[in-house]
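Peer 1: no sequence on this one, just coordinates:
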Ligand code: 1GP
């Protein structure tokens, strides 16, 4: 079954939870353990981010040790054509909609597209939209951040992604943002689009997760919480807020 089909089926049954693992932040062994915990508490998918500066060897080792531990799918979100890796079930083929640098919108993608097609890799097109504060990625990808109260601009980008034929919109406040994307913005976007909405960044508690879910997020991404002690319980309470 394709990963798109897997996610569609999951979405029929409620909110999907995605665990984000940054391979720069722990050893491959620790990444395997985190992924296993995520699966045990009910996460639906592991999303590995591809960051510049990580060797292909460490990435492959991380993938191998995650794969050994889990049966849920593992998707990769490469930082660019130079960070490609094929040992995943699918790739998020994400366009950073509000970047001022065309490399992040479609440039890097065009460098990889023919290879991806020839290799018959499952690519899932995602319109990625960064909302304030955006954190590190907001700075490094030359993003014109959408301000937290500009619901109209956020909705306009999201509708543009839908009209482009993208599969999902990903609303991102930035990893370890002080707060998640505002619920009002999620609601405003959901009124306008009919494709699923992914929301991530700054979701640390069950209260955050429930708020984001009730506002209409179809898929919720958490990353930072698994980097700290006691993450199993925290992840468990987030999962129960998403799946009850
Ligand atoms: C996923 O970048 C986020 O969209 C992850 O954010 O690390 O704040 O959970 P956190």
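Peer 2: Noted; the coordinates are in hand. What you see is a predicted model, and the numbers here were worked out from it, not measured in a lab.
Peer 1: Give me the neighbour count for the nearest residue to residue 36 once chain neighbours are set aside.
Peer 2: Nearest-residue entry for residue 36: residue 69, 4.1 Å, with adjacent residues in sequence omitted and distances by CB to CB, 6 or more residues apart in numbering. Any C-beta I mention is one placed from the backbone N, CA and C, and that applies to glycine too. For residue 69, the count of nearby residues is 18 (other CB atoms under 10 Å).
Peer 1: Let me know the distance separating residue 69 from residue 21.
Peer 2: As judged by CB to CB, to the nearest Å, residue 69 and residue 21 stand 12 Å apart.
Peer 1: Can you check which residues contact both of these two?
Peer 2: Shared between the contact lists of residue 69 and residue 21 (criterion: CB atoms under 8 Å, 6 or more residues apart in numbering) are residues residue 35.
Peer 1: May I see the buried residues of stretch 207-225?
Peer 2: 208-213, 215-225 (16 or more other CB atoms under 10 Å).
Peer 1: Strands - which of the residues you listed land there?
Peer 2: 219, 220, 221, 222 (DSSP state E).
Peer 1: check contacts around the third one.
Peer 2: Which is residue 221. Contacts of residue 221 by CB under 8 Å, 6+ apart are 17, 18, 19, 20, 47, 170, 198, 199, 200, 201, 203.
Peer 1: That one - nearest residue in space that isn't next to it in sequence?
Peer 2: Using CB to CB, 6+ apart, the nearest residue to residue 221 is residue 200, at 3.1 Å.
Peer 1: coming back round to it: ok, and of the ones in strands among the buried residues of stretch 207-225, which contact the ligand?
Peer 2: 221, 222 (CB under 6 Å from any ligand atom).
Peer 1: Check for me that residue 170 belongs to a helix.
Peer 2: No - secondary structure of residue 170 (DSSP: H, G, I helix; E, B strand; the rest coil): strand, not part of a helix.
Peer 1: what does the helix or strand of the chain with the lowest mean pLDDT contact?
Peer 2: Sorting the helices and strands of the chain by mean pLDDT, DSSP states H and E puts helix 135-140 at the bottom, at a mean of 79. For helix 135-140, contacts defined as CB under 8 Å, 6+ apart pick out 130, 132, 143, 145, 172, 173, 174, 175, 176, 177, 201.
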